[in-house]
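1. this one's sequence-less:
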């Protein structure tokens with residue numbers, strides 16, 4: 001069966017579960033858990049060492065039905081979420097969202113029919129990528145939080161040309177689109193076993209603030225054959241911590257759009273909910289602001305080694321906002337070689353009115369003069385059409 005056929009079969013079952021109140025995001029998470037357990041079972045049958053305790057194995061789930069199955073599945077998710085490495089990341093805070101044991105049993109049987117470990121990594125990845133893309137298309141309201149159009153990702157990677165020895169990071173990685181595209185490009189140019197090992201275990205670093213998205217990204221990388229004992233993806237607020245010594249060669253990112261960061265607090269006197277701006281006080285930032293995009297630009301600039309390169313998708317407010325925005329742009333021009341600005345067509349993302357750009361800059365050592373000497377501007381979003 002082809003990747004497309006497997007993907008269609010797995011996706012079609014989502015419509016059955018949707019009628020029971022299981023959303024596409026939740027369904028994709030459950031697929032993540034079950035496919036992982038099935039692959040671990042296949043690898044164990046082939047004589048490979050796996051870290052899944054026998055009492056939480058695929059074989060246990062396959063034998064059960066009814067309430068016993070639901071109970072076993074729930075305990076499996078809770079227990080594996082306490083493990084370390086890739087395993088703990090994939091099952092972090094995992095919960096069973098399929099409350100009907102009969103439907104859970106049907107899903108398990110569907111997955112059990114396929115031999116996932118014998119599929120090439122790119123085929124498994126294509127199946128999973130297809131599910132992620134369909135999810136983004138069907139759940140438009142939240143899809144833009146972690147799904148960047150693949151043609152844009154591919155174009156940015158081809159322009160940046162990451163080397164097989166590079167370390168590539170995305171501080172708002174979503175499901176890992178930039179990391180996987182960079183990995184594919186680097187793999188095509190890897191010529192030694194040392195470079196191949198670096199690609200598998202050390203080349204990629206990702207982070208996202210949303211637990212469920214981190215889980216999808218970790219599984220996405222795993223299905224593509226990426227990752228060692230330690231998971232390269234973390235679940236943190238990337239902006240909260242100052243970048244110290246662990247810097248990278250390249251950053252490819254599309255930080256979340258939305259102008260302000262805020263948190264909801266309860267006023268002790270009135271008991272009413274109020275919005276409070278979330279401001280990051282960091283010594284390595286050039287400006288203090290609650291604007292998420294400006295903070296991500298500053299964070300990414302500080303993530304790079306000297307000579308490191310970045311390509312970052314940003315909305316128009318980063319280019320034109322005054323105050324902190326002006327301070328960030330001034331420092332970007334002076335402290336980095338901000339050499340290229342690409343103006344994207346309106347509507348390239350799920351929200352039709354969003355105007356976005358890609359900024360390209362290189363990290364430079366401290367200097368008394370500005371590093372940016374010339375800025376190339378490419379506009380593929382013309383404001384008028386000639387007759």
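-> Nice, thanks for sending it over. This one's a predicted model, so the numbers in the text were calculated from it and none came from an experiment.

2. for the rest of this, base every contact and every neighbour count on C-alpha atoms.
-> OK.

3. next, the most centrally placed residue in the chain: secondary structure please.
-> The C-alpha lying nearest the average C-alpha coordinate of the chain belongs to residue 174 (Cα atoms, centre = their mean; 2.2 Å). Judged by DSSP: H, G, I helix; E, B strand; the rest coil, the three-state class of residue 174 is coil.

4. that one touches residue 214, doesn't it?
-> Yes. With contact defined as Cα atoms under 8 Å, residue 174 counts as touching residue 214 (6.7 Å).

5. now the common contact residues for the two.
-> Listed as contacting both residue 174 and residue 214 by Cα atoms under 8 Å, 6 or more residues apart in numbering are 207-208.

6. you'd agree residue 337 is in a helix?
-> No. Read with three-state DSSP, residue 337 is strand and lies in no helix.

7. can you pull the pLDDT of it?
-> Per-residue confidence (pLDDT) for residue 337: 98.

8. same deal with residue 41?
-> 88.

9. tell me the contacts of it?
-> Per Cα under 8 Å, 6+ apart, neighbours of residue 41: 57-59.

10. quick check: phi and psi at the residue nearest to the centre of the chain.
-> phi 50, psi -130 (degrees, to the nearest 10).

11. any idea how far it is from residue 344?
-> 20 Å (Cα to Cα, to the nearest Å).

12. okay, now residue 62: neighbour count?
-> Number of residues near residue 62 (other Cα atoms under 10 Å) recorded here: 14.

13. tell me which stretches of the stretch 101-250 of the chain form strands.
-> With strands called from DSSP state E, counting those that start in this stretch, the stretch 101-250 of the chain shows them at 168-170, 204-208, 233-235, 248-253.

14. mind putting those strands into JSON lines with mean pLDDT and distance to residue 82?
-> As requested, the strands of the stretch 101-250 of the chain are exported to JSON lines (pLDDT from 0 to 100; distance: least, Cα to Cα, whole Å):
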{"stretch": "strand 168-170", "mean pLDDT": "97", "distance to residue 82": "25"}
{"stretch": "strand 204-208", "mean pLDDT": "95", "distance to residue 82": "19"}
{"stretch": "strand 233-235", "mean pLDDT": "91", "distance to residue 82": "15"}
{"stretch": "strand 248-253", "mean pLDDT": "98", "distance to residue 82": "29"}
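
15. for residue 252, what are its contacts?
-> Counting by Cα under 8 Å, 6+ apart, residue 252 has contacts 156-157, 168-170, 178-179, 310-312.

16. for residue 195, what are its contacts?
-> 164-165 are the contacts of residue 195 under Cα under 8 Å, 6+ apart.

17. ok, now how distant is it from residue 343?
-> Relative to residue 343, and taking Cα to Cα, residue 195 is found at 35 Å.

18. before we move on, what about residue 291?
-> Counting by Cα to Cα - residue 291 and residue 343 are separated by 20 Å.

19. list the contacts of the strand ranked longest in the chain.
-> In terms of residue count, the longest strand belonging to the chain (DSSP state E) is strand 304-315. For strand 304-315, the external contacting residues (Cα under 8 Å, 6+ apart) are 156, 160, 247-255, 257, 293, 297, 300-301, 354-365.

20. just the buried members of these?
-> Buried members of the contacts of strand 304-315, counted by 16 or more other Cα atoms under 10 Å: 156, 160, 247-255, 257, 293, 297, 300-301, 355-364.

21. list the buried residues for the longest strand of the chain?
-> 304-306, 308-315.

22. okay if I get those residues as CSV plus distance to residue 48?
-> Output for the buried residues of strand 304-315, formatted as CSV (distance: Cα to Cα, whole Å):
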residue, distance to residue 48
304, 38
305, 38
306, 42
308, 39
309, 39
310, 39
311, 39
312, 40
313, 41
314, 44
315, 47
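
23. least confident pick among these?
-> Minimum pLDDT across the buried residues of strand 304-315 falls on residue 315, with 90.

24. can you pull out the low-pLDDT segments for this protein?
-> Within the chain, the segments meeting pLDDT under 70 span 1-3, 6-7, 10, 13-20, 49, 119-147, 258-278, 349-353, 381-387.

25. could you list the domains of it?
-> 3-138, 143-379 (automatic domain parsing).

26. quick one: contacts for residue 155?
-> Contacts of residue 155 by Cα under 8 Å, 6+ apart: none found.

27. how close does the residue nearest to the centre of the chain sit to residue 41?
-> Counting by Cα to Cα, the gap from residue 174 to residue 41 is 28 Å.

28. in TSV: the strands of the stretch 101-250 of the chain, plus distance to residue 323.
-> Formatted as TSV, those follow (distance: least, Cα to Cα, whole Å):
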stretch	distance to residue 323
strand 168-170	27
strand 204-208	28
strand 233-235	31
strand 248-253	24
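
29. among those, which is nearest residue 53?
-> Among those, the nearest to residue 53 by Cα to Cα is strand 233-235 (23.0 Å).
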